[in-house]
Structures are given as structure tokens and as C-alpha cells.
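J.: Could you look at this predicted model? Sequence included:
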Amino acid sequence: MDMTRLRSLLYLPANRPSAIAKARTLAADAVILDLEDAVQPDAKADARAAAVAAALEGGWGDRPLFLRVNGLGTPWHGDDMAAVHVDGFAGFVVPKVDTAVEAADVVKRAGGRPVLAMIETPAGVLNAPAIAATPGVAGLIAGMADLAKALNCGVDAHRTPLLYSLSAIVLAARAAGVACFDGVCTEYRNEVAFRAEAGQGKLLGFDGKTLIHPSQVDPCNAVFSPSAEEVAHAEAMIAAYQAALSAGRGVATLDGQMVEILHVEQARRLLARA
């Protein structure tokens, strides 16, 4: 599975059957059944059983189904990890991964399934390169709400205090060759705000974004999909470069800008994603 092709990853409380049923009809690229933040302590066991039932029942098509377990050190973590081995789960999401040692521990117990590690603390940001480079970690997910709390920072519409951390997560993922996904936007009733935040995430280099509401799926897919203009520009760039090669030149120009092989490679990646 190429995780970098995922645009929209929708969190669902694992103990809400109606939400799970609706999710099977949505266009989310991936679904994450949540046992952590969305589930109260006294409902954890029932939510785990419901998640296992949803995985075994199937009906998810070709979209991967992930399980977000409770974090290391919680009383539910061990049982959650055992549930990941059920047929139907493509992998799992682990919150608050702070070190490569923790990442390696969860990978060891993942049964070969890919791990998406959430970076939600200052230690996680500083150790993100080592976490991303841990064999078995398939991607990083930004968890900005918990990070903002830990930093004791304010958060404006542009997420200014968090930009360093967001970029650090992208850098770590790219250095390790794994996927990276932006954190959630809590303003699920405000599509303008969501699109702005998703567009910022795309600009920073994230492959996609995690979501908390079905209404965010279609806007997210639109933002993280190449536009018709981007596709046309990529095709023109490749054509200009091929024409230059045919003329014995290694560099082309398009609309007054230089086109080299690195630009062509980027254009081909964009067309593959489209």
C-alpha cells in the first residue's frame, strides 16, 4: 500500500454503529476507527469489540481500515494492540509516540501491519526523524491540539506557532521516505476555514489530512488532488522538456521559466497522483 496516495483519513468513534455504517458510503481514502480520544474510559472495551466486528464485517471496499489504539502506558493499550491482528485492519495509529524506542516497540507487536505514528508532543517533534526512520513506521500524523497544549501557545487561523512543528514532521517523513498527514481541523461546520487549513497543509508538503467529520471528506479530497490547471502545467512541462531533449538540449523553458529534469520528475509524480 502506497500511503502517500491517501488524501483523506476519517476518524470515527468505534462505538458508534451509525457512524461506521455511514462511513462505508463515504469517499474517504481511509477510515480510522478510534478507541482513544473519542471513547470514554468506561466504554473502551465495548468500543474495541465494535471495532473488531466492523473490521470482520468488511464492506470497506479497497480503502484501508485503521485502528487508533490507546497510547503506550494506558491500561487499554495491550488489549487494543491484540485487536489490530484481526483480519480487516490494514494497520494502526498510535498516539503520542515520543521516541524511536517507543515506535520500535509498537512495530514489534504490530504483526507486520504498518504503523502510523502520531507526533503530538515536543519530544515527538524533536525525535520525529528517528521515529519516521524506524522500520515498520509507514507514516507520521500531526497531532496539533495536544502539541499546542504542551507548548502553552496560542493558535491563530494560520497556525503560526505550530508551523515549525508541522514542517519538522514533513521533513522527518520525507527524509525517511514515509507518508505524512496533517492534523484535524475542528471547525467542521466552516468549510472555508477547513479548505484554508487543508491548503496550508498541502503547501507545507503533507500528503493528506486527518478528518473528524464526514462533511470534510469531499473538500479534503478536492484540496489534495491535483487541479486541472496543475495537470495541464505538468503535461506541458514534460512536453517542453522532451522537445528540448530532441533538439539536443538538457534544459527547456516554459512560460519564461527553466525546466530541468527535477521539475519533470515532480511533474510525473503529480500526474501519477492525479
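T.: Everything's here; your move.

J.: longest helix in the protein, by residue count?
T.: helix 228-246 (DSSP state H).

J.: what packs against that one?
T.: strand 252-254, strand 257-259, helix 261-273 (3 or more CB pairs under 8 Å, 6 or more residues apart in numbering; DSSP states H and E). Heads up, the C-betas are built off the backbone N, CA and C, glycines and all.

J.: so how far is the first one off the chain centroid?
T.: So that's strand 252-254. Relative to its chain's centre, strand 252-254 lies at 34 Å (CA atoms, centre = their mean, to the nearest Å).

J.: could you say what helices and strands it packs with?
T.: helix 228-246, strand 257-259.

J.: repeat that with 10 Å
T.: Applying 3 or more CB pairs under 10 Å, 6 or more residues apart in numbering; DSSP states H and E, one finds that strand 252-254 contacts helix 228-246, strand 257-259, helix 261-273.

J.: do the same with the last one
T.: Using 3+ CB pairs under 10 Å, 6+ apart as the contact criterion, the elements in contact with helix 261-273 are helix 228-246, strand 252-254.

J.: Now do the buried residues in the shortest one.
T.: Using 16 or more other CB atoms under 10 Å as the burial criterion, the residues of strand 252-254 that qualify are 252, 254.

J.: Direction included, what does it pair against?
T.: Next to strand 252-254 in the sheet, as set by DSSP bridges, lie strand 257-259 (antiparallel).

J.: Provide the contact partners of the partner strand at residue level.
T.: 236-241, 244, 251-253, 263, 267 (CB atoms under 10 Å, 6 or more residues apart in numbering).

J.: Take these and write them to JSON lines, including pLDDT and distance to A168.
T.: Shown next, in JSON lines, are the contacts of strand 257-259 (pLDDT from 0 to 100; distance: CB to CB, whole Å):
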{"residue": "A236", "pLDDT": "92", "distance to A168": "34"}
{"residue": "M237", "pLDDT": "90", "distance to A168": "30"}
{"residue": "I238", "pLDDT": "93", "distance to A168": "32"}
{"residue": "A239", "pLDDT": "92", "distance to A168": "37"}
{"residue": "A240", "pLDDT": "90", "distance to A168": "35"}
{"residue": "Y241", "pLDDT": "90", "distance to A168": "33"}
{"residue": "A244", "pLDDT": "87", "distance to A168": "37"}
{"residue": "V251", "pLDDT": "81", "distance to A168": "33"}
{"residue": "A252", "pLDDT": "87", "distance to A168": "35"}
{"residue": "T253", "pLDDT": "88", "distance to A168": "35"}
{"residue": "H263", "pLDDT": "90", "distance to A168": "26"}
{"residue": "A267", "pLDDT": "91", "distance to A168": "27"}
